[in-house]
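Engineer: below are the sequence and a predicted model; questions follow.
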Amino acid sequence: MGIVKRQLALLIWVFIWSGFAIDQLILTFEHLQPRNIYGDKVMIERNGVKFLIDKDLSSNQKIENPPVSCGKKDTWEKDLTFQFDFETSEMKVVFTGNAEDLKGVKRLSLKQNPVSISWKQSGFDYLNYRTINFELDNNNIKIPISISRSKYESPYFVEFIFEAYTGGVGRDLLCYKSNVLSLNSANYTHYVPPKAFFIDGVLSDPHIKYPVIGKEFLDELRYIDEFMEKNSYNYLHPTLPPVEESTVALLHADNGHFLTTEWLVSKSLYIEKITNEIVIGLYGDVLQSDLEHLERLLTAIRVVAPTVKISYSENDRYVTLPIHFAKCTKEFSDMFNDCYDNAAGYFHPDSDPEHGWIWVDSKHVGDFRLSILTHELGHALGLNHNFCQSSVMSYSKFSDDNIYFEHIDLMMLHAIHHPDLQDIVWKGFISTNDYVDQFELDRDKIEEYKEDIATTCHKKPSEYDFLIDLQTRGY
């Protein structure tokens, strides 16, 4: 009997622990299964940077409605239809319900969101991010749809999301949202090439890639006079002071960590030479003041960098340095570049477009906006960040509110693009040795400046003063 009891106890013990073991195996199995730790979002990657987007944006399914309500369910799901005409690229919105059902609705909109399936980006997809507000006229309306696609872009989806808003004065509360259409290169053929911002008479003809010159003799004379006047600035370069040790030392410097005052000074110098023509195009939320500012900057660049051929074009086939103006909202940030409370602009170095591309937060206006444009163009021309108070490239908390290239910036551009360095173009970059050899500089003096790099910030040769006037006043 004792043996039977022991066997029974053993069976009970095995049964209990077997149940526990099975439970642990199930937990382990579930743990090893791939899980989405982001809940209702999925991870995508752009230019090596990861972003979260709603799962619904990658499908053509109805998006879950927000908690605020307006209208009846049938109002949106049965009485309102969206019909896209692939021949005319028009979205027809038809409402067959009772107008009384729309009484509580404040605003109707169709949101156009590009969703890239490629890691590569050139900023042109920003142009396809827009919100189209509309009203139902006689219960239907046709909305023209325009999707641009540049030569730099891989195919991407453009999702169209319908949104309805309610709310009082000064309040917009989202009350309904659904995905109504997805277009891509497989089902859509009416892409239009992006066209850069342009206003006649703002840019001088010599700064335009292919200017349109009138057929009259006086038109040709006017162009020749303007060309000779602008070209004369290129020949002012010899009037500038020679390259000196402090400027070369500053070219070694950058800010080691953003939002700190820590300098990072490299041991050696490696500056890539710009050999091909830079062609700029301004896209998106561009203002006339942006183009006027660019005109003045280009004239100043003619003096300090006469070997750099730089122009402007409306045609994206010629543009090698696109500059995109787009407003950084929270939604834009989540979708594209993590700019919200993080950046007002940036330069993205690339080889396609050839000279990279620039983004400027278009919510900024006035001097700060122009400062961003100048700062990012400085990067495209080879300038690093610094902590010099007067520089437009400065990250010093005590920096001046400069909107143009200051003395320090002009001196560095003068050194980077000096005509006497053209003989070393074959190797593609400029080194410290090139400066020492070409301009007979004192290497030890360069090293002394590098040890106390802040002392390089205080140079203001008077020969550069007229370039400050040129950028601020245009003459």
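Structural biologist: Perfect, thanks for sending it. Residues are numbered from 1 along each chain as shown.
Engineer: all contacts plus neighbour counts: C-alpha atoms, from now on.
Structural biologist: Fine.
Engineer: okay, and the helix or strand of the protein with the least pLDDT?
Structural biologist: Lowest mean confidence among the helices and strands of the chain (mean pLDDT, DSSP states H and E): strand 49-54, at a mean of 36.
Engineer: what residues does the helix or strand that that one is followed by touch?
Structural biologist: With elements assigned by DSSP states H and E, the helix or strand that comes after strand 49-54 is helix 73-77. Here helix 73-77 makes contact (Cα atoms under 8 Å, 6 or more residues apart in numbering) with 97, 101.
Engineer: and the closest residue to Leu373 other than its chain neighbours, what are its bridge partners?
Structural biologist: Nearest residue to Leu373, sequence neighbours excluded (Cα to Cα, 6 or more residues apart in numbering): Val360, at 6.8 Å. According to DSSP bridges, the residues that bridge with Val360 are Phe325, Gly345.
Engineer: show me what contacts Val360?
Structural biologist: By Cα under 8 Å, 6+ apart, the neighbours of Val360 are 323-326, 344-346, 369, 372-373.
Engineer: you'd agree Ile372 is up against Gly345?
Structural biologist: Yes: counting by Cα atoms under 8 Å, Gly345 is a contact partner of Ile372 at 6.4 Å.
Engineer: and the residue nearest to Leu373, how close does it get to Ser396?
Structural biologist: Separation of Val360 from Ser396 (Cα to Cα, to the nearest Å) stands at 20 Å.
Engineer: now Val94
Structural biologist: Relative to Ser396, and taking Cα to Cα, Val94 is found at 56 Å.
Engineer: and the pLDDT at Pro67?
Structural biologist: Looking at Pro67, its pLDDT is 58.
Engineer: do Phe124 as well
Structural biologist: Phe124 is given a pLDDT of 93.
Engineer: check Val4 too.
Structural biologist: On the pLDDT scale, Val4 gets 48.
Engineer: same deal with the one 4 residues further on?
Structural biologist: Per-residue confidence at Leu8 stands at 51 (pLDDT).
Engineer: same question for the one 3 residues further on.
Structural biologist: With respect to pLDDT, Leu11 has a value of 54.
Engineer: do the same with Leu470
Structural biologist: Confidence score, pLDDT, at Leu470: 93.
Engineer: counting neighbours, what do you get for the closest residue to Asn255 other than its chain neighbours?
Structural biologist: Sequence neighbours aside, Trp263 is the residue nearest to Asn255 in space, at 4.8 Å (criterion: Cα to Cα, 6+ apart). Using other Cα atoms under 10 Å, Trp263 has 16 neighbouring residues.
Engineer: go on, Gln471?
Structural biologist: Other residues close to Gln471 by other Cα under 10 Å number 22.
Engineer: kindly report the same for Tyr191.
Structural biologist: Neighbour number of Tyr191 under other Cα under 10 Å is 15.
Engineer: in this structure it contacts Ser148, no?
Structural biologist: Yes: if you go by Cα under 8 Å, Tyr191 and Ser148 touch, sitting 5.2 Å apart.
Engineer: by contact count, what packs against the stretch of helix or strand Ser289 belongs to?
Structural biologist: Using DSSP H and E, Ser289 sits within helix 288-304. If you count contacts as 3 or more Cα pairs under 8 Å, 6 or more residues apart in numbering; DSSP states H and E, helix 288-304 packs onto helix 217-234, helix 366-380, helix 407-416, helix 465-473.
Engineer: list the buried residues for the last one?
Structural biologist: Spelled out, it's helix 465-473. 467-468, 471 (16 or more other Cα atoms under 10 Å).
Engineer: same deal with the first one?
Structural biologist: Neighbour-count burial for helix 217-234, counted by 16+ other Cα under 10 Å, picks out 223, 230-231, 233-234.
Engineer: and which of these is nearest Thr275?
Structural biologist: For those, the closest approach to Thr275 (Cα to Cα) belongs to Asn234, at 16.6 Å.
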